[in-house]
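Participant: Build me a structure from this.
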Amino acid sequence: MTPALFITSMGMACPVGLCVASACAAKRAGLSALQELPFFDNACEPIIGATVSSLDLALPAASRMSGLMLHALVELIQGAPKLDWTEVPFLLCLAEPERPGIDIRGIAQTVIHDASSKLGIQFHPTHSRVIPSGQVAGMHALHEASRLMQETRAPACVVAGVDSLLSALTLQWLDQHRRLKTATHNDGLFPGEGAAAILIQAYRQPGTCLEISGLGFGQEEAPLLSNKPLRAGGLTDAARTALAQARLGLHEIDLRLSDVTGEQYGFKELPLMEARLFRTVRKEDQPLWHWAEAMGDTGAIAGIVQLILADQAFRKGYAPGTTAICLSSALAGARAAAVVRDLSRPQGPL
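Facilitator: Numbers count the residues shown, from 1 in each chain. Here you go, the predicted model:
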């Protein structure tokens, strides 16, 4: 059982905005940063994706991702309560090391060095760590943050992530596996990039709007590249656990957020999970929100940006209700879910 967690500050830098407010406003307005990139697929056609235009694509990958991460951290620190940052663990979410074009060690070292040298911020020296789990990294980091705050009495944890699919090796690998969306192949994704960070605390602070009231994890036996029949067992297990911790049924969830990227696999997995968990008919609409239509697949920040979007929707009153579920699926089969509640509006009876 994971105790309730609270988001007390956040920051974000992505193709549709260099801060939380602008990015979520762009998403709400239906804006998209998808465009032709200076990369070509194996058919010599321009690849469509989304890039943060303020950072030169010619920069080394580690330097570029560190620049994205610093944008998000500056915003988070400016909005955070007063803290001794040396007591705060920094949990850095990155892509899986198996993905071509990713240098986990190089990115982590550059981010930590730049946070210290450029921002003057030093995080906890022994409890900080890298979580290279791809799309589910943010949810795993929340679980680790809960553990650290219980066992070490840390006042807070920074859950941060940065990722970019805009490297030649990554794009080539995606194209080889027919995972890029092109003019002749609709069952694919648009590559994107971005950075996001949230400050997690065990107690509600003034102005806190979002409570994470349930976390769940699972393992899918038929991941995307396995060619096995999909039953969505992993996502079902993750969602069932998160809902049980929050003491809610799926029919009581007002909003779904997902890291679906445009590939048919993800859109098949969601209804399979829902068919196994719905036990009561829900007459009200239960919309599905995802960032991919605005900025493509952003990899390791997928879970974090879902939480940020839910917070902003609750805070500004455009969410369809007071409860939401965030769903993440990694390529190798790991699944994760988080149930969140709006603290700014009265809750109905549980």
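Participant: residues touching Lys110, list them.
Facilitator: No, residue 110 isn't Lys; it's Thr. Going by C-beta atoms under 8 Å, 6 or more residues apart in numbering, Thr110 touches Ala62, Ser63, Met65, Ser66. Placement of C-beta: from N, CA and C, glycine included.
Participant: Would you report the backbone torsion angles of it?
Facilitator: Reported as degrees, to the nearest 10, the phi and psi values for Thr110 are phi -70, psi -40.
Participant: Per-residue pLDDT of it, please?
Facilitator: Looking at Thr110, its pLDDT stands at 95.
Participant: List the beta-bridge partners for Leu189.
Facilitator: Leu180 (DSSP bridges).
Participant: ok, it to Leu270 distance?
Facilitator: Leu189 is 16 Å from Leu270, where distance means C-beta to C-beta, to the nearest Å.
Participant: can you count the residues close to Gly188?
Facilitator: Neighbour count for Gly188, taken as other C-beta atoms under 10 Å: 20.
Participant: Likewise for Arg345?
Facilitator: Once other C-beta under 10 Å is used to define contacts, Arg345 is seen to have 13 neighbours.
Participant: That one: what secondary structure?
Facilitator: Here Arg345 is recorded as coil under DSSP: H, G, I helix; E, B strand; the rest coil.
Participant: what's the closest non-adjacent residue to it?
Facilitator: Distances taken as C-beta to C-beta, 6 or more residues apart in numbering put Thr322 closest to Arg345, at 5.4 Å, once the chain neighbours are dropped.
Participant: what about the one you found, how many neighbours?
Facilitator: Thr322 has 18 nearby residues by other C-beta under 10 Å.
Participant: again with Gly120
Facilitator: So Gly120, with other C-beta under 10 Å, has 9 neighbours.
Participant: before we move on, what about the one 3 residues further on?
Facilitator: By the other C-beta under 10 Å criterion, the neighbourhood of Phe123 contains 20 residues.
Participant: Report the beta-bridge partners for the residue lying closest to it once chain neighbours are set aside.
Facilitator: Nearest non-adjacent residue to Phe123, counting by C-beta to C-beta, 6+ apart: Phe90, 3.7 Å away. Bridge pairing for Phe90 (DSSP bridges) gives the partners Val158.
Participant: For Phe90, list the residues it contacts.
Facilitator: Contacts of Phe90 (C-beta under 8 Å, 6+ apart): Ile112, Ala115, Phe123, His124, Ser128, Cys157, Val158, Ala160.
Participant: Sitting in helices, which of those residues do you find?
Facilitator: When the contacts of Phe90 are checked against helices (DSSP state H), the matches are Ile112, Ala115.
Participant: Would you mind giving the contacts of Phe90 as TSV with distance to Val74 added?
Facilitator: TSV is the format used below for the contacts of Phe90 (distance: C-beta to C-beta, whole Å):
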residue	distance to Val74
Ile112	15
Ala115	10
Phe123	15
His124	19
Ser128	18
Cys157	18
Val158	12
Ala160	12
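Participant: Out of the contacts of Phe90, the closest to Ser258 would be?
Facilitator: Ala160 (21.1 Å; C-beta to C-beta).
Participant: got a list of what the spatially closest residue to that closest one that is not a sequence neighbour touches?
Facilitator: Nearest residue to Ala160, sequence neighbours excluded (C-beta to C-beta, 6+ apart): Ala197, at 3.8 Å. Ala197 makes contacts with 10-12, 69, 72-73, 75-76, 158-161, 304, as judged by C-beta under 8 Å, 6+ apart.
Participant: Swap in 10 Å and give it another go.
Facilitator: With contact taken as C-beta atoms under 10 Å, 6 or more residues apart in numbering, Ala197 is in contact with 9-13, 20, 69-77, 90-93, 158-162, 301, 304, 308.
Participant: name the element it belongs to?
Facilitator: Using DSSP states H and E, Ala197 sits in strand 193-201.
Participant: which is the next helix or strand following that strand?
Facilitator: strand 210-219.
Participant: partners of that following strand, with directions?
Facilitator: Sheet pairing for strand 210-219, assigned by DSSP bridges, gives strand 5-13 (antiparallel), strand 334-342 (antiparallel).
Participant: now the angle from that strand to strand 193-201?
Facilitator: With axes from the mean of the first three to the mean of the last three C-alpha atoms, to 10 degrees defining the directions, strand 210-219 sits at 120 degrees from strand 193-201.
Participant: and the next helix or strand after strand 210-219, what other elements does it pack with?
Facilitator: Using DSSP H and E, the helix or strand that follows strand 210-219 towards the C-terminus is helix 233-246. Packing partners of helix 233-246 (3 or more C-beta pairs under 10 Å, 6 or more residues apart in numbering; DSSP states H and E): strand 210-219, helix 264-277, strand 323-329, strand 334-342.
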